[in-house]
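A.B. asks: Show me how the following folds:
(chains A, B, C and D)
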There are 2 protein chains.
Amino acid sequence: MERKVTIQDIATMAGVSKSSVSRYLNNGYISEDKAKKIKSAIERTGFETNFFAKRLKTKKSGLIGIVIPRIDSVTVGKFLNGINRKLRENDYQGMILISELDIEKELDNINSLNQQGVDGIIINSMSITKKHLEITSKLNIPTIFTGQKSEFINYIKLDDYKAGRIMGEYFKAKGHKEIVFLGINEFDKAVGIERKSGFIDAVKENNPGSRVQFVETDFTFTSAYLKGDEILKYKPTAIVCATDNICLGILRYLHERNIKVPDEISVAGFGGYEIGGVSYPAITTIAFDYELIGIKTAQGILDLIEGKELEENNDIALELIERESVKEIVDKGGIG
Amino acid sequence: MERKVTIQDIATMAGVSKSSVSRYLNNGYISEDKAKKIKSAIERTGFETNFFAKRLKTKKSGLIGIVIPRIDSVTVGKFLNGINRKLRENDYQGMILISELDIEKELDNINSLNQQGVDGIIINSMSITKKHLEITSKLNIPTIFTGQKSEFINYIKLDDYKAGRIMGEYFKAKGHKEIVFLGINEFDKAVGIERKSGFIDAVKENNPGSRVQFVETDFTFTSAYLKGDEILKYKPTAIVCATDNICLGILRYLHERNIKVPDEISVAGFGGYEIGGVSYPAITTIAFDYELIGIKTAQGILDLIEGKELEENNDIALELIERESVKEIVDKGGIG
DNA sequence: CTGTTAGCGCTTTCAA
DNA sequence: TTGAAAGCGCTAACAG
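C.D. replies: Residues are numbered from 1 along each chain as shown, chains lettered A, B, ... in the order given. Next comes the predicted model:
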């Protein structure tokens, strides 16, 4: 393992000073002549600049910290894709830390990233606590949250309340009055509260006699599946699930009981996962452009680093995709 | 934005030299007395050691580069989970670079990671080319491949040929003779060649009159779905898919045509994705423990960094999960 | 346009 | 045990 070649070696080979080499590397002024010599020396040796030295000197790492709750999720994957694309365009690189759904680890990760000298941190938080605010307010680098929102911090997220409302309006228009909302715990404010209440608010508005029952689950297929019995007790005409994955779990349950979707019960989800398009029946859903959220978030942190204000305009498109899992309820003649 | 506090500040505050602070930080000898003073100074200031300076000096980054083809895939996610866990245990951290299914970017990423001073690189390659060998052989740090194998390099992967064989034996035992293997391009040696030929070899062994037709697709649901017509022309009793996702695509196709699975056609996949357990019918599959592969790979790169040999023992468990998508063919009495 | 110089914050001899 | 000193590889004034 030969010693790494440094800028000084190149300087010596090219017969110039190391500042000239540095200038060459960083687009400073340099004569054609010397540039050529330097170039050749670099090519011959395969020189590569030492990032640590450079960063130590410049106090800029070109690194953006990214804190995510988990990595084995397609939505997180798409989000990271978006971030990655935007960061790459701007010669930044992401440094991803996984919190394993543990809020303490999430906090640790933020600190750790800061310590590593990243230029900014993107936090895809499960739930923003007081500690989050404490920690991030002390940092000397910008941070931006996503997935959840809170006062006094920067965040970029889709409008869960609005998504809920769109779905609510849809089910109202379809004539459903007896609905189960299969959602998640309120610890998750975005999905657990906003999405749910958007839905409920829209359903109930000017819609006498309508009822929305809440059943709690988590993000897994299995948990949703296991809630089937409980849901059926409400004799709903529709089950609206907080995510498409939850919907897939309940679809399995209904299949097993030989309950026809959408003929006997309508179901729908949120997210617009690809898998929901090939399930049988295909799931009606509200599609979120996670990749776009990633792009906007990355742009946001970049703006913050440059001292710019964050754009207020957080509109991430919300698209209702009507597929096969919802049927209109035909009024059976004035009963109820 | 106040100046960051450095080791020198701590030294001054504690009335010691910065070498002593450094020793304190790195478990060197230090008197109880001074240790206490240093500790208090650190706590008061919230001092954090500058990683870049440390790395510049020690020539060790504590960073492992990870190159993956894409991030929005659950299998990749699980793999990263495994890596992450093992790395964390050993106080290393992953630096993930995404190749976006582009082999040139994959190569770039390897170089870029090296340049950034990582201590080793894990490469989840799509296809190992000559260039891969050239580049990695020139590096001064260890590399380990996964997902694909090749001579003269370190790799850890599951045994695709064996997985194929297990599935082949299974279908043979179930009496299927007219099978379509819905697989992918041979560019991907692991899935495109090994997995497929393991299957075909096992089916054909001592099994006169059996036929396996190959139909090519890619890893998406849609592409598989679109191959439905072509597959049906072969009038198979079984469709074996190279991955569970492919299987989900074909399942959708069969549902639409009202072809009953497994009564009219049996299907199966590879991977053991959770979604395959809640689809209808649930998919019979061979489960791969991607997380374990991640753990083993991470352990491997760590071993390599310490100069240890890589263990030969690459046995990743392969488990056939029988669910609902395969039916036994009852011999109709000596025909064929 | 170019070279000299200082120094980023840390670790690590070496000598005390 | 401890401190002084050197230096990791690079950039950025500054003077020329």
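A.B. asks: Can you tell me the element the spatially most central residue of chain A falls in?
C.D. replies: The central residue of chain A, meaning the one whose C-alpha is nearest the mean C-alpha position (Cα atoms, centre = their mean), is A:F79 at 4.5 Å. When elements are defined using DSSP states H and E, A:F79 is found to belong to helix A:74-89.
A.B. asks: Next: A:K260.
C.D. replies: Here A:K260 is assigned to no helix or strand, by DSSP H and E.
A.B. asks: now do A:F171
C.D. replies: Under the assignment here (DSSP H and E), A:F171 is part of helix A:160-173.
A.B. asks: right, is the following helix or strand past that helix up against chain B?
C.D. replies: Tracing the chain C-terminally past helix A:160-173 and defining elements by DSSP H and E, one meets strand A:178-184 next. No - Strand A:178-184 lies out of reach of chain B by Cβ under 8 Å from any Cβ of the partner chain, never closer than 14.3 Å. (C-beta placed from N, C-alpha, C; glycine too.)
A.B. asks: Okay, now the sheet partners of strand A:178-184, with direction.
C.D. replies: Partners of strand A:178-184 in the sheet, by DSSP bridges, are strand A:211-217 (parallel), strand A:238-241 (parallel).
A.B. asks: Show me which residues of the stretch 51-200 of chain A are close to DNA strand C?
C.D. replies: Within the stretch 51-200 of chain A, the positions adjacent to DNA strand C are A:53, A:56-57 by Cβ under 7 Å from any atom of the strand.
A.B. asks: ok, and the closest non-adjacent residue to A:G271?
C.D. replies: Counting by Cβ to Cβ, 6 or more residues apart in numbering or on different chains, A:D244 is the residue found nearest to A:G271 once chain neighbours are left out, at 4.4 Å.
A.B. asks: picking up where we left off before, how about the residue nearest to the centre of chain A, what does it touch?
C.D. replies: For A:F79, the contacting residues are A:68, A:124, A:146, A:290-291, A:293-294, A:297, by Cβ atoms under 8 Å, 6 or more residues apart in numbering or on different chains.
A.B. asks: If we use 6 Å, what do you get?
C.D. replies: With contact taken as Cβ atoms under 6 Å, 6 or more residues apart in numbering or on different chains, A:F79 is in contact with A:290, A:293-294.
A.B. asks: Okay, it and DNA strand C: tell me how far apart.
C.D. replies: The span separating A:F79 from DNA strand C equals 33 Å under the rule Cβ to the nearest atom of the strand, to the nearest Å.
A.B. asks: do A:A224 as well
C.D. replies: Separation of A:A224 from DNA strand C (Cβ to the nearest atom of the strand): 49 Å.
A.B. asks: Mind telling me what element that residue is part of?
C.D. replies: Element membership for A:A224 (DSSP H and E) is helix A:221-226.
A.B. asks: which helices and strands sit right next to that helix?
C.D. replies: helix A:244-256 (3 or more Cβ pairs under 6 Å, 6 or more residues apart in numbering or on different chains; DSSP states H and E).
A.B. asks: hey, where'd the helices end up in chain A?
C.D. replies: For chain A, applying DSSP state H gives helices covering A:7-14, A:18-25, A:32-45, A:51-58, A:74-89, A:103-115, A:130-138, A:160-173, A:196-204, A:221-226, A:228-232, A:244-256, A:275-278, A:290-305.
A.B. asks: Quick one, grab the pLDDT at A:K332.
C.D. replies: Looking at A:K332, its pLDDT stands at 57.
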